[in-house]
Every structure is written in C-alpha cells, then in structure tokens.
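Student: Okay, structure incoming, though there's no sequence with it:
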C-alpha cells in the first residue's frame, strides 16, 4: 500500500469539536509533518486537529489473585467499646447519687450526671475550656460545663 505525505488542502478524518462526530476535514495548517489545524467539511468550523481516538484496551491484570491475599478482617463497631464500658458501669450507677446536669455547673471525672434528655451518664474527662465528655447509654456526648 502506498502512503503519501499529507499537506495543506488534503482531506482527513478528524473529530469535530462543534459537530461532536468523526467527519471529513480539510487540513488548514501543518507544522513540519504534523497536522495542527483543520476545517470541518460539514459545519465549516475551524479548530485544532483532533486525531481519531483509538479504542481503549483493558490493562493487563496483576498475576496475584484475591484468594492469595490475606482475608479482610471486619472492623469492630466503633460504638461497641462505648456500649461495653456503659454496661460495666451500669450496676454502679445510682440515681440518688447523681447530680442534675446544669450547663453552668462544675463536674469532676467519674461523677454521675442526670441529663434531662440522655438520662444517667458518667463524666469521662473534663476538657478545657468549658466542656466535658460524658458517657451515656446512647454513647459519648460533649457537654458544656464550667
């Protein structure tokens, strides 16, 4: 098969940016032997040359199989540790011993707090400024304190 060199004025297939189709174009400009600018023969739009996109081939897969790799271990439920801790502290909680929660109150670590929405809870840590972390049956909550 004989291939001839392309030159300005020749017809070439290219991807049209206006029509969004693969159509015949006339070569308008070249740099050395490379086509740079073309004009669509259908819509008349001039644009940079877009060569025909070659179909993508799937990449070669790695030789390792999933069965050969270590099996995944499921992560422990994040709230499970809090629930276990709550269950261990539950027998020690006495509602008569608890302090009613007040945003302006002062609390110490391991003191029992009675919250109107969350119920009984244990102060796990006091965070400066004006916050404390309390463990309730529903989980850890960050509450305001003094």
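Tutor: On my side now, so go ahead. This is a predicted model, so every value here is computed, not measured. Numbering: from 1, shown residues only.
Student: Output the lowest mean pLDDT helix or strand found in the chain.
Tutor: helix 78-89 (a mean of 81; mean pLDDT, DSSP states H and E).
Student: contacting residues around that one?
Tutor: 122, 135, 136, 137, 139, 140 (C-beta atoms under 8 Å, 6 or more residues apart in numbering). For every residue, glycine as well, the C-beta is placed using N, CA and C.
Student: From those residues, pick the one nearest residue 3.
Tutor: Ranked by distance to residue 3 (C-beta to C-beta), the contacts of helix 78-89 are led by residue 139 at 73.0 Å.
Student: how about the closest one, what does it touch?
Tutor: When contacts are counted by C-beta under 8 Å, 6+ apart, residue 139 touches 79, 82, 83.
Student: give me that answer again for 6 Å
Tutor: 79, 82 (C-beta atoms under 6 Å, 6 or more residues apart in numbering).
Student: now do residue 136
Tutor: Contacts of residue 136 (C-beta under 6 Å, 6+ apart): 118, 121.
Student: What are the buried residues along the least confident helix or strand of the chain?
Tutor: 82, 86 (16 or more other C-beta atoms under 10 Å).
Student: from the middle of its chain, how far away would the helix or strand following that helix be?
Tutor: Past helix 78-89, further along toward the C-terminus, the next helix or strand under DSSP states H and E is strand 99-100. Its chain's C-alpha centre and that of strand 99-100 lie 42 Å apart, by C-alpha atoms, centre = their mean, to the nearest Å.
Student: Run me through the strand neighbours of strand 99-100, direction for each.
Tutor: strand 112-115 (parallel) (DSSP bridges).
Student: what's the offset of the partner strand from the middle of its chain?
Tutor: So, by C-alpha atoms, centre = their mean, the centroid of strand 112-115 is 38 Å from its chain's centroid.
Student: circling back to that earlier point, looking at the contacts of helix 78-89, which are in strands?
Tutor: When the contacts of helix 78-89 are checked against strands (DSSP state E), the matches are 122, 135, 136, 139, 140.
Student: still on that earlier bit, can you name the two of the contacts of helix 78-89 that are farthest apart?
Tutor: 122 and 139 (12.3 Å).
Student: now residue 92: how far from residue 28?
Tutor: As defined by C-beta to C-beta, to the nearest Å, residue 92 lies at a distance of 86 Å from residue 28.
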